[in-house]
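Chemist: What would the 3D arrangement of this be:
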Amino acid sequence: MTRTGPLSHVRVLDLSRIMAAPWAGQILADLGADVIKVERPGAGDDTRSWGPPFLQDRDGNDTTDAGYFLSVNRGKRSITVDLGTAEGVETIRALAAKSDIVLENYKAGTLARFGLAYEDLRRINPGIIYVSVTGFGQTGPRRSQAAYDFMIQAMGGLMSITGERDDKPGGGPQKVGLPIVDLMTGMYACVGVLAALARRNESGEGDYIDLAMLDVHAAFLANQAMNYLISGRTPRRSGNSHPNIQPQDVYRCRDGHIALAVGNDGQFVKFAEALDLPELAADPRFVKNADRVRNLPALVDVIASALAEGDVADWVGKLDAVGVPCSPINSVAAALSDPQIAARRMVRDLPHPVAGTVPQVVSPLNFANAPLSFDRPPPLLGEHSEEILAELGRARG
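Modeler: Model (predicted):
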């Protein structure tokens, strides 16, 4: 199969499972890389069984591949390898010798026991870029501990700033509705890989990237971390209300809710006019964003009363017309069927050997000179084993 995209010259050996590192592998595959996913014989990646729902075959029966797996392994080729055998280890070494990048998320030190650590593979491929994704990194007191996204959201502080305030109905810590630490870790892994590829192009030298989920979480605390570091005040849960920019919150309308995202003082003037309350923009308590943040309770009372008098669609229409960002609270189904998503072809059906087709939410990256192609679905377990072994000049023992 001819690969397109800016990384069509790159091969990735993906030894990872679950979400964080496989997400990186899928991004690289979307960019055109030949990503070879190594899986355990008989079982494969843990996420294959993380259902229901499972993909259905042409007869409407469940396959063995869950939606979770299908969301993170598009574009890859699958080979089954038993690392408990000498033959399996040699297969990995042979693949590494012909690869540019290795992705792995075993516990610290595990692959070294098989002779597959960075230093081992570097001896057979000096230009290899080796990415180790773990919960806590290769150093530190937690280096040997396992981790999952949910616990890192708790440990890293995200759940302390997500959810409604404790003194309100439904208050208490909440996780984000997506495995956001896994996803962000995958994104950082890709950034690291691309930087290492650029450096290798200049120096000829590969690299080793030690990436920890907890570190990633600390890095993307962003404004909340900086708010704390410069003020000494610990950020708290505030529901949907933004800690630094107002008005940004969810408000109840007559028939539902609207998400309001007024981002600057000019938009606030237009917002006040759309509410038919132009005097709000001249009120010294609300003229500047800092004023609105400091006097938020009073501002919320006025806005909530006004928006409660109309329907969501009417308010969205009025605010869209004057350039004030807002939206109804869409379900996932509504979001994926939005005309804008359709126009951008973000959801596509890929051919699948068992199901006929499999739906995919594809990459948001659009290249003018190296367009991406989406013609390889998430693989069946071991689907490409013989093909890959033949490329290595090896046969299944």
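Chemist: quick one: low-confidence ranges for the chain?
Modeler: Along the chain, the parts satisfying pLDDT under 70 run over 396-397.
Chemist: domain parsing for this protein?
Modeler: 11-219+346-391, 248-336 (automatic domain parsing).
Chemist: From Leu275, how far out is the residue nearest the centre of the chain?
Modeler: Among the residues of the chain, the one closest to the centroid is Leu183, at 2.7 Å (Cα atoms, centre = their mean). Relative to Leu275, Leu183 is positioned 36 Å away (Cβ to Cβ, to the nearest Å). C-beta coordinates here come from the backbone N, C-alpha and C atoms, glycine included.
Chemist: try Leu31
Modeler: Separation of Leu31 from Leu275 (Cβ to Cβ): 45 Å.
Chemist: residues near Val354, how many?
Modeler: 17 (other Cβ atoms under 10 Å).
Chemist: can you confirm it is in a strand?
Modeler: No. Counting by DSSP: H, G, I helix; E, B strand; the rest coil, Val354 is not part of a strand but coil.
Chemist: where's the residue nearest to it when sequence neighbours are not counted relative to Thr64, distance?
Modeler: Spatial nearest neighbour of Val354, chain neighbours left out: Asp57 (5.0 Å); criterion: Cβ to Cβ, 6 or more residues apart in numbering. Counting by Cβ to Cβ, the gap between Asp57 and Thr64 amounts to 10 Å.
Chemist: hang on, the residue nearest to the centre of the chain packs against Ile18?
Modeler: No. Judged on Cβ atoms under 8 Å, Leu183 makes no contact with Ile18 at a distance of 11.8 Å.
Chemist: So for the helix ranked longest in the chain, what gets flagged as buried?
Modeler: With secondary structure taken from DSSP state H, the chain has its longest helix at helix 180-203. Using 16 or more other Cβ atoms under 10 Å as the test for burial, helix 180-203 gives 180-190, 192-194, 196-197, 200.
Chemist: Now do the SS call for the closest residue to Val81 other than its chain neighbours.
Modeler: Sequence neighbours aside, Gly88 is the residue nearest to Val81 in space, at 4.6 Å (criterion: Cβ to Cβ, 6+ apart). At Gly88, secondary structure determined by three-state DSSP is helix.
Chemist: what's the distance between stretch 107-118 and the middle of its chain?
Modeler: Offset of stretch 107-118 from its chain centre (Cα atoms, centre = their mean, to the nearest Å): 26 Å.
Chemist: Go through it and flag the buried ones.
Modeler: Buried residues in stretch 107-118 (16+ other Cβ under 10 Å): 108, 110-111, 114, 116-118.
Chemist: what's the span of that stretch, first residue to last?
Modeler: 14 Å (Cα to Cα, to the nearest Å).
Chemist: How about residues contacting that stretch?
Modeler: Residues from elsewhere that reach stretch 107-118, judged by Cβ atoms under 8 Å, 6 or more residues apart in numbering: 15, 83, 89, 92-93, 96, 102, 104, 120, 128, 130, 132, 134, 137-138, 143-144, 146, 208.
Chemist: So which of those residues belong to strands?
Modeler: 102, 104, 130, 132, 134, 208 (DSSP state E).
Chemist: which residues does the nearest residue to Asp46 once chain neighbours are set aside contact?
Modeler: Using Cβ to Cβ, 6+ apart and skipping the chain neighbours, the partner closest in space to Asp46 is Arg17 (5.5 Å). Arg17 makes contact with 39, 45-47, 105 under the criterion Cβ under 8 Å, 6+ apart.
Chemist: just those now: which is nearest His384?
Modeler: Nearest to His384 among those is Glu39, at 10.7 Å by Cβ to Cβ.
Chemist: how many neighbours does Pro297 have?
Modeler: Other residues close to Pro297 by other Cβ under 10 Å number 7.
Chemist: Hmm, I typed the wrong one, I wanted Ala333.
Modeler: Ala333: 7 surrounding residues under other Cβ under 10 Å.
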